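Peer 1: Need coordinates for the below:
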Amino acid sequence: MTEALVKLQNLKKAFDKHTVLNGINLEVAKGEVVVILGPSGCGKSTLLRCINGLEIVQGGNIIFQGKDITSDKKSWQQVRQSIGMVFQSYHLFPHMTVMENILLGPLKVQKRSKAEATADAERLLDRVGLLSKKDAYPRQLSGGQQQRIAIVRALCMYPEVMLFDEVTAALDPEMVKEVLDVMLDLAKQGMTMLIVTHEMNFARAVADRIIFMDQGEIREMASPDEFFTNPQSERAQQFLNQFFEVETGKGRDGK
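Peer 2: Coordinates of the predicted model:
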């Protein structure tokens, strides 16, 4: 593996007396796509929020581009420009048009010229098939369209890494594919990504590496083929069997 773009060292996070992350160690190389799987409540989303500085950790270190950013509060606003994050809910401002939502960060935070930022926004909107919606308001868009706009908004900040937290969880099934297709395209373009998802087929298709978490710890780390065909831990086996039973009515072994 090349030098890590993101490195987590013994990361710990607790809410009151409840430990959510219990000593996470992980390295993500530039251009790598890491998908984080695991049961609800295992700490997946909290892990992403810690990497983005939205949660304060109680122990360990977050190294980004070779710099320890764990407790450097002054630099988090700058860091977040390089670590984009897209959430379950779209967080678009309802009183702003699509273009106004996208340009807010580049103009107000990065102080870029409006002409340059607008050109980038239009290029990205065209890339996700939504250039014709640039003057629309969020209420005029479907959930899938709003989530694609949220992705464009993050990309317009020129991030080095993108974090996706269950971005299809709030979408109707027919809208899921249009969002996942955008993320697959980002992977093909070499974007570094950490993705939390319950979309198993997508995880297998997009990931360079699968991380399986349970009870705040990484229980397994493997290639997609290895994880889905031969999970090593008993907990991962149970997790996959439950998924396949729900999806197909059969276990992972087809029985």
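Peer 1: CA only for contacts and neighbour counts going forward, please
Peer 2: OK.
Peer 1: From the chain's centroid, how far away is stretch 39-56?
Peer 2: Remark: stretch 39-56 is offset 11 Å from the chain centroid, using Cα atoms, centre = their mean, to the nearest Å.
Peer 1: where's residue 10 relative to residue 120, distance?
Peer 2: According to Cα to Cα, to the nearest Å, residue 10 stands 38 Å off from residue 120.
Peer 1: Same question for residue 46.
Peer 2: Taken as Cα to Cα, the span from residue 46 to residue 120 is 31 Å.
Peer 1: Between the two ends of stretch 135-147, what distance do you get?
Peer 2: 16 Å.
Peer 1: which stretches of the stretch 101-250 of the chain have low pLDDT?
Peer 2: Counting by pLDDT under 70, the stretch 101-250 of the chain has low-confidence residues at 246-250.
Peer 1: same thing but at 90, please
Peer 2: 170, 172-174, 242-250 (pLDDT under 90).
Peer 1: Tell me where it has strands.
Peer 2: For the stretch 101-250 of the chain, the strands defined by DSSP state E, counting those that start in this stretch cover 161-165, 192-196, 209-214, 217-222.
Peer 1: Just say which of these is most tucked in.
Peer 2: strand 192-196 (a mean of 25; mean count of other Cα atoms under 10 Å).
Peer 1: and it, what does it pack onto?
Peer 2: For strand 192-196, the elements it packs on are strand 33-37, helix 44-51, strand 161-165, judged by 3 or more Cα pairs under 8 Å, 6 or more residues apart in numbering; DSSP states H and E.
Peer 1: Nearest to residue 16, out of these?
Peer 2: Nearest to residue 16, of all the helices and strands packed on strand 192-196, is helix 44-51, at 14.3 Å by Cα to Cα.
Peer 1: Pull the number of nearby residues for the residue lying closest to residue 176 once chain neighbours are set aside.
Peer 2: Once flanking residues are discounted, residue 176 sits nearest to residue 168: 5.7 Å by Cα to Cα, 6 or more residues apart in numbering. For residue 168, the neighbour count with other Cα atoms under 10 Å is 24.
Peer 1: Contacts only, for residue 168.
Peer 2: 88, 176, 179-180, 197 (Cα atoms under 8 Å, 6 or more residues apart in numbering).
Peer 1: Any of those residues buried? List them.
Peer 2: Applying a neighbour-count criterion of 16 or more other Cα atoms under 10 Å, the buried members of the contacts of residue 168 are 176, 179-180, 197.
Peer 1: between those residues, which is closest to residue 20?
Peer 2: residue 197 (18.0 Å).
Peer 1: measure that closest one to residue 183 for me?
Peer 2: Relative to residue 183, residue 197 is positioned 12 Å away (Cα to Cα).
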